[in-house]
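Enquirer: just to be clear, the model below is a prediction. Sequence and coordinates:
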Amino acid sequence: MEIQPLSIIPLVLELTAAILATIYFGKYKESTEKFFLYFLWYTFVVELLGAYLGYVVDVKNFWLYNAFTITSFLFYFYWYHSILESQLFKKLVFVFSAIFLIVAAWSLVYHSWVEYHKYTFITGALSVLVLTLFHFYQLLYSDEVLIVKYKLSFWISTALLLFYMGMIPLFSLSGYIEFRGLSYLVILLILNSILYGCYSIGFIWTKKKYNRF
Amino acid sequence: MDEKEVQSFLIIFSVIALFLALTVIFLFAIFQKRKNKLIQEQQEAENRFQEELIETQIEIKEDTLRNVSWELHDNIGQLLTLAKIQLQNAKGSPEAIEEAIETIGTSLNELRSLSKLINPSALNNLSLVEALQQEVERFNRLKYLEATISYTGASFFIDNKKEIIIFRMLQEFFTNTVKHSKASKLMVAVDYSNKVLQIVAQDNGIGFDTSENSIKKGIGLSNIRNRAKLIGADVKITSIPNEGTKFSLTYIN
């Protein structure tokens, strides 16, 4: 497998977001968003390891990405469970987590470990999309709507919404249309830029007093 | 890239771009709409507060004028009438002249304190506690009833506009006590502690039946309640017939 220079860019984006998260940690360390600091570094390390395995050692690295998909969605579910206030929403987070875990387990058992577990990803992505909408609903009906751009959680939800909004059609359509290689990578790159761009804006813009929970 | 791949790239790219654009526009639109609505509501609440504040200030001024009129008539007027009678009887008895001089002196003192009391610049600079103190002193001076006021705790800053509204609520209560309750005693206790202001005013008058909804009392009470709600204070008015009425206000800063 030849080294694709474009595939370095997501790594750079992740590193930038993680560094910004570290620099501005003081602004959000008292909120549940603090876990995103560890999560971003975790993401960076996984991607780095994936790239190393894939391009340098040249072994199949899908098991790593599958593990990352499962842990990252579980992390998002945990985070939404802690920031959503409505009891109904909290219960739905459990429902989504259960469905996701069933799909993930089913994929682990019945699908080869040397391919990417598409259904796990799609289930997780759809659940996160719904959770971001719940979060927006919660923000809309509180006074926080006035200061929303200073809230880190708003930017995280925006990032996740836009990223998975793009990832779902990309994943679903690429199965039906002959679509691999460079063009796939370009779209992935754009979506990654949006995701980490929103995170970065969030870390820079957020104000300490608005990140209480 | 061959032609087929370019084609599929364009299709997928456009679909995703459309999705994202719609999402961003939709999000922006609903957040903006909701934000404007909230700002408008806050503006309206602020306007209501200002209107109520102006009305309160007018009421306080009207009450002050009424009090001045009473005081001129009942207090200073009486003293001057007394002085006149003393001077009329003074023909031949110099002691009566001395008495008249004393009476006129007293009325001058009363006049001075009255003029000090209604000086607008003095009124505006009064703190809540000082204003209540003046009210109590006035009741005692005019011998309407025996009033006492006590303070505990260290006072903290409360927005002047809110103080005016708090004062007016108490003034309304005092006016009712003096006019209707036939009370002989009025006790006011002001307590500042830990960002909580608590004021309890109690008279020993005839009281009223709190369940009775006579129109006049209804308006007075609902007026007090509305104002309490406006500044976020908690007000309780309890009354026992023939034992007295108690007004207690709790305001958390």
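Expert: It's in.
Enquirer: who's in contact with the most centrally placed residue in chain A?
Expert: The centre of chain A sits closest to residue A:160, judged by CA atoms, centre = their mean, with a distance of 5.8 Å. The contact partners of residue A:160, taken as CB atoms under 8 Å, 6 or more residues apart in numbering or on different chains, are A:76, A:128, A:129, A:132, A:195. For every residue, glycine as well, the C-beta is placed using N, CA and C.
Enquirer: got the contact list for the last one?
Expert: It refers to residue A:195. A:13, A:159, A:160, A:162, A:163.
Enquirer: confirm the second one sits in a strand?
Expert: No. According to DSSP: H, G, I helix; E, B strand; the rest coil, residue A:159 belongs to no strand; its state is helix.
Enquirer: let me see the contact set for it.
Expert: Applying CB under 8 Å, 6+ apart as the definition, the contact partners of residue A:159 turn out to be A:194, A:195, A:196, A:197, A:198, A:199, A:202.
Enquirer: for those, which one is nearest residue A:169?
Expert: Here the nearest of the contacts of residue A:159 to residue A:169, counting by CB to CB, is residue A:194; it sits at 14.1 Å.
Enquirer: re the thing from before, which of the contacts of residue A:195 sit farthest apart?
Expert: Pairwise distances among these were taken by CB to CB; the largest, 15.1 Å, belongs to A:13 and A:160.
Enquirer: what's the neighbour count on the residue of the stretch 151-253 of chain B found nearest chain A?
Expert: Proximity of the stretch 151-253 of chain B to chain A (CB to the nearest CB) peaks at residue B:232, 14.9 Å away. Under the neighbour criterion other CB atoms under 10 Å in any protein chain shown, residue B:232 is assigned a count of 10.
Enquirer: shouldn't it be in contact with residue B:251?
Expert: Yes. Under the criterion of CB atoms under 8 Å, residue B:232 lies in contact with residue B:251, with a separation of 7.3 Å.
Enquirer: which strands and helices lie in contact with whichever strand or helix holds residue A:79?
Expert: Using DSSP states H and E, the element containing residue A:79 is helix A:62-83. Other helices and strands packing on helix A:62-83, by 3 or more CB pairs under 8 Å, 6 or more residues apart in numbering or on different chains; DSSP states H and E, are helix A:35-51, helix A:87-110, helix A:118-140.
Enquirer: what residues does the second one touch?
Expert: It stands for helix A:87-110. By CB under 8 Å, 6+ apart, the list of residues contacting helix A:87-110 from outside reads A:66, A:70, A:73-74, A:77, A:80-81, A:84, A:117, A:119-120, A:123-124, A:127, A:130-131, A:134, A:138.
Enquirer: what about it, average pLDDT?
Expert: The predicted model assigns helix A:87-110 a mean pLDDT of 93.
Enquirer: report the inter-axis angle for that helix versus helix A:118-140.
Expert: 170 degrees (axes from the mean of the first three to the mean of the last three CA atoms, to 10 degrees).
Enquirer: okay, the angle between helix A:87-110 and helix A:62-83?
Expert: 170 degrees.
Enquirer: only alpha carbons, please: show helix A:87-110 as PDB.
Expert: Taking C-alpha atoms only, helix A:87-110 is exported to PDB below (Å, rounded to 0.1, in the frame of the first residue of the first chain):
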ATOM      1  CA  GLN A  87     -35.100  12.000  32.000                       C
ATOM      2  CA  LEU A  88     -36.700  10.800  28.700                       C
ATOM      3  CA  PHE A  89     -33.500  11.800  26.800                       C
ATOM      4  CA  LYS A  90     -31.300  10.000  29.300                       C
ATOM      5  CA  LYS A  91     -33.400   6.800  28.900                       C
ATOM      6  CA  LEU A  92     -33.200   7.100  25.200                       C
ATOM      7  CA  VAL A  93     -29.400   7.300  25.500                       C
ATOM      8  CA  PHE A  94     -29.500   3.900  27.200                       C
ATOM      9  CA  VAL A  95     -31.800   2.500  24.400                       C
ATOM     10  CA  PHE A  96     -29.400   3.700  21.700                       C
ATOM     11  CA  SER A  97     -26.400   2.300  23.600                       C
ATOM     12  CA  ALA A  98     -28.100  -1.100  23.900                       C
ATOM     13  CA  ILE A  99     -29.000  -1.200  20.200                       C
ATOM     14  CA  PHE A 100     -25.500  -0.100  19.300                       C
ATOM     15  CA  LEU A 101     -23.900  -2.700  21.500                       C
ATOM     16  CA  ILE A 102     -26.100  -5.400  20.000                       C
ATOM     17  CA  VAL A 103     -25.100  -4.400  16.400                       C
ATOM     18  CA  ALA A 104     -21.500  -4.100  17.400                       C
ATOM     19  CA  ALA A 105     -21.500  -7.600  19.000                       C
ATOM     20  CA  TRP A 106     -23.300  -9.100  16.000                       C
ATOM     21  CA  SER A 107     -20.700  -7.600  13.700                       C
ATOM     22  CA  LEU A 108     -17.900  -8.900  15.800                       C
ATOM     23  CA  VAL A 109     -19.300 -12.400  15.700                       C
ATOM     24  CA  TYR A 110     -20.500 -12.700  12.200                       C
END
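Enquirer: about what we covered before: what sits against the residue of the stretch 151-253 of chain B closest to chain A?
Expert: The neighbours of residue B:232, taking CB under 8 Å, 6+ apart as the test, are B:251, B:252.
Enquirer: same check on residue B:138?
Expert: With contact taken as CB under 8 Å, 6+ apart, residue B:138 is in contact with B:67, B:71, B:117.
Enquirer: now name the helix or strand holding it.
Expert: Using DSSP H and E, residue B:138 falls within helix B:128-141.
Enquirer: tell me which parts of chain A are close to chain B?
Expert: Within chain A, the positions adjacent to chain B are A:136, A:139-141, A:143, A:145-146, A:148, A:158, A:161-162, A:165-166, A:169-170, A:173-174, A:177-179, A:181-183, A:186-187, A:191, A:194 by CB under 8 Å from any CB of the partner chain.
Enquirer: now the buried members of the residues you listed.
Expert: Using 16 or more other CB atoms under 10 Å in any protein chain shown as the burial test, the residues of chain A next to chain B include A:136, A:139-140, A:145, A:148, A:158, A:161-162, A:165-166, A:169-170, A:174, A:179, A:183, A:187, A:191, A:194 as buried.
Enquirer: in helices, which of those appear?
Expert: Members of those lying in helices (criterion: DSSP state H): A:136, A:139-140, A:158, A:161-162, A:165-166, A:169-170, A:174, A:183, A:187, A:191, A:194.
Enquirer: run the chain-centre distance for the helix of greatest length in chain B.
Expert: Ranked by number of residues, the top helix in chain B under DSSP H is helix B:3-70. The chain centroid and the centroid of helix B:3-70 are separated by 31 Å under CA atoms, centre = their mean, to the nearest Å.
Enquirer: please pull up the helix or strand immediately following it.
Expert: Downstream of helix B:3-70, the next assigned helix or strand under DSSP H and E is helix B:77-88.
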